Every structure is written in structure tokens, then in C-alpha cells.
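[1] 3D model of this:
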Amino acid sequence: MKDYAEVYGAHGAVSWTELMTSDPAAASGFYSQMFGWTVKTEAMPMGDYHVFSVGETSIGGIMAHPPGVQAPNCWTPYVTVKDVDAACAQAKALGGKVVVEPMDVPNVGRMAVITDPQGAALNIITYSGM
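    Numbering: from 1, shown residues only. Below you'll find the predicted structure:
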């Protein structure tokens, strides 16, 4: 069996999922009870980030909407790419858009949010050290 980094670090792999919600604590409690996820809260520059795990493997996170952002509560996946900046350029060339420019996430990697030509949003990420 391949390890997490080998599988989820591969270009094109869905590697993380994230819930952006108006009440991260309530959502963490709900999903912990629903699926048995363990949740560990970490302080981040944009506010607390709740990392959920199955066993010892972290598989996603739950966070509050950033201040001033009005959006529906929603789940979004992250797809691993070899180079976030190059992937953003490719998305534009294919008729998509970059809605959140590439940014560094301390101790994680570099990420951005793109949309396809139909407007569906997707997070992309290049992990540090993978």
C-alpha cells in the first residue's frame, strides 16, 4: 500500500477537503459525532483552523469564513499540482479564472483558487517538501 504523501502528493490527486462555515466549532462537533473524526484546533493567522483526522491521518480542515467574506457554507476539495503558479497560468489559458491568487500557507505549501470556464471553483495546492 502506498503512503499518504505518495498518493496525495501526486499531481492531479484530490488531497484535502475543507469546510468553510459560519460556525466551525458546531461543525467540528457534528462531524466528530457523525463520522468519528478526531479534530485538533490550530491557531492560524486567519483564525482557528480545525484539522480533522481518521485514525492518525489528517484528511481535511474546517474554518470560519474570512472576515468580510459572505459566502454559503460549503465543502471544497484541494487538488495537488506540481506548481501552483504554472497551474494558474494553465487555467487561464484554458478559459478558467484565478479567483484567489497564489499564496503561501506557512508549514503547508502554496495554494490558489481557480474556476473552470463554467465558474466551478476548486482549490489547488503544492505541498512543501513533497
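[2] Validate this expectation: residue 34 resides in a helix.
    Yes. Per DSSP: H, G, I helix; E, B strand; the rest coil, residue 34 lies within a helix segment.
[3] Going forward, the N-terminal residue is numbered 47.
    From this message on, residue numbering opens at 47, which makes the last subject residue 80.
[4] In stretch 102-115, which residues are buried?
    106, 107, 108, 109, 110, 111 (16 or more other Cβ atoms under 10 Å). Every residue, glycine included, has its C-beta placed from N, CA and C.
[5] Run through who's touching the helix or strand residue 172 falls within.
    Residue 172 belongs to strand 167-173 when assigned by DSSP states H and E. The contact list for strand 167-173, computed with Cβ atoms under 8 Å, 6 or more residues apart in numbering, reads 55, 61-62, 64, 122-130, 133-134, 145, 151, 154-162.
[6] Now intersect the residues you listed with the helices, please.
    130, 133, 134 (DSSP state H).
[7] distance of residue 55 from residue 116?
    Computed as Cβ to Cβ, to the nearest Å, the residue 55 to residue 116 distance reads 34 Å.
[8] Same drill for those two, tell me which one is more crowded.
    Between residue 55 and residue 116, counted using other Cβ atoms under 10 Å, residue 55 has the larger neighbour count: 17 against 6.
[9] That one and residue 125 touch, don't they?
    No. Counting by Cβ atoms under 8 Å, residue 55 does not reach residue 125; the two are 11.6 Å apart.
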